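Q: Okay, predicted coordinates and the sequence, questions at the end:
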Amino acid sequence: MNLAKQIEGAIIAGSEDFFDRPSDRENLRVTVRVAQDFYNFLVERGENPSASEVTYAMETIWSGMDWFFPLAHACTAINTPRATWDFDARRNWDFPSLRQEFLRRFENLANGAETGAPAKLAELLALTHLQLVFLAQHFPSTLFKEIHEAVDRRKM
């Protein structure tokens with residue numbers, strides 16, 4: 001079983017009827033899948049991904065936007081400690097620290113460190129927040145960098 005299915009299954013199993021509507025379940029499925037894809041990117045590409053790899057990761061995150069927000073809105077009814085999902089808005093998220101935080105939190109979620117569906121959902125939303133920080137940091141500069149790299153390769 002892949003990690004996305006494992007995480008999704010654990011959340012659904014502990015959430016009673018919260019995900020009975022197909023649209024709610026789809027919002028969860030896509031949000032977990034995008035988190036898994038971003039996790040894979042961070043593991044496989046390491047500390048210095050190329051511009052094209054960063055663009056691919058950004059596009060993956062962007063592809064989930066229409067599912068992230070309805071899931072987050074539905075989760076406003078969940079009562080979890082603020083520290084679970086809140087971040088210091090002034091924190092400097094350079095790539096190594098964002099990568100380390102995302103990897104740690106995703107592995108905790110996948111390994112069952114968070115108990116109960118509400119805590120798992122809060123952790124998933126925290127992971128989504130980190131993905132959006134990554135997207136904001138690299139858009140649109142990476143797209144332009146990728147174009148310049150392609151032009152430079154053609155000149156060689």
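A: Nice, thanks for sending it over.
Q: Tell me, how many residues neighbour residue 64?
A: 22 (other C-beta atoms under 10 Å). Where you see a C-beta, it was placed from the backbone N, CA and C, and this is true even at glycine.
Q: Would you map the strands across the protein?
A: With DSSP state E as the criterion, the chain has no strands.
Q: Show me what the helix ranked longest in the chain is packed against.
A: Counting by DSSP state H, the longest helix found in the chain is helix 22-45. Other elements packing on helix 22-45 under the criterion 3 or more C-beta pairs under 8 Å, 6 or more residues apart in numbering; DSSP states H and E are helix 3-13, helix 51-63, helix 65-74, helix 95-110, helix 117-138.
Q: Those: which one's closest to residue 45?
A: Of all the helices and strands packed on helix 22-45, helix 51-63 sits nearest to residue 45, with 5.1 Å by C-beta to C-beta.
Q: Next, the buried residues of that closest one.
A: 51, 53, 54, 55, 56, 57, 58, 60, 61 (16 or more other C-beta atoms under 10 Å).
Q: Read off the pLDDT value for the third one.
A: On the pLDDT scale, residue 54 is placed at 92.
Q: Tell me if I'm right that it and residue 139 touch.
A: No. Using C-beta atoms under 8 Å, residue 54 makes no contact with residue 139, being 9.7 Å away.
Q: rewinding a little: buried deepest among the helices and strands packed on helix 22-45, which one?
A: helix 117-138 (a mean of 20; mean count of other C-beta atoms under 10 Å).
Q: list the helices and strands that one packs on?
A: helix 3-13, helix 22-45, helix 51-63, helix 65-74, helix 82-85, helix 95-110.
Q: Dump it to PDB, keeping only the CA atoms.
A: Extracted in PDB, the C-alpha atoms of helix 117-138 (Å, rounded to 0.1, in the frame of the first residue of the first chain):
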ATOM      1  CA  ALA A 117      -8.500  11.900  12.400                       C
ATOM      2  CA  PRO A 118      -8.700  15.500  13.600                       C
ATOM      3  CA  ALA A 119      -5.000  15.600  14.400                       C
ATOM      4  CA  LYS A 120      -4.200  13.900  11.100                       C
ATOM      5  CA  LEU A 121      -6.300  16.400   9.100                       C
ATOM      6  CA  ALA A 122      -4.700  19.300  10.900                       C
ATOM      7  CA  GLU A 123      -1.300  17.900  10.000                       C
ATOM      8  CA  LEU A 124      -2.300  17.400   6.400                       C
ATOM      9  CA  LEU A 125      -3.400  21.000   6.200                       C
ATOM     10  CA  ALA A 126       0.000  22.100   7.800                       C
ATOM     11  CA  LEU A 127       1.700  20.100   5.000                       C
ATOM     12  CA  THR A 128      -0.500  21.900   2.500                       C
ATOM     13  CA  HIS A 129       0.600  25.200   4.000                       C
ATOM     14  CA  LEU A 130       4.200  24.300   3.500                       C
ATOM     15  CA  GLN A 131       3.500  23.400  -0.100                       C
ATOM     16  CA  LEU A 132       1.900  26.700  -0.700                       C
ATOM     17  CA  VAL A 133       4.900  28.500   0.800                       C
ATOM     18  CA  PHE A 134       7.100  26.600  -1.600                       C
ATOM     19  CA  LEU A 135       4.900  27.600  -4.500                       C
ATOM     20  CA  ALA A 136       4.900  31.200  -3.500                       C
ATOM     21  CA  GLN A 137       8.600  31.300  -3.100                       C
ATOM     22  CA  HIS A 138       9.300  29.900  -6.600                       C
END
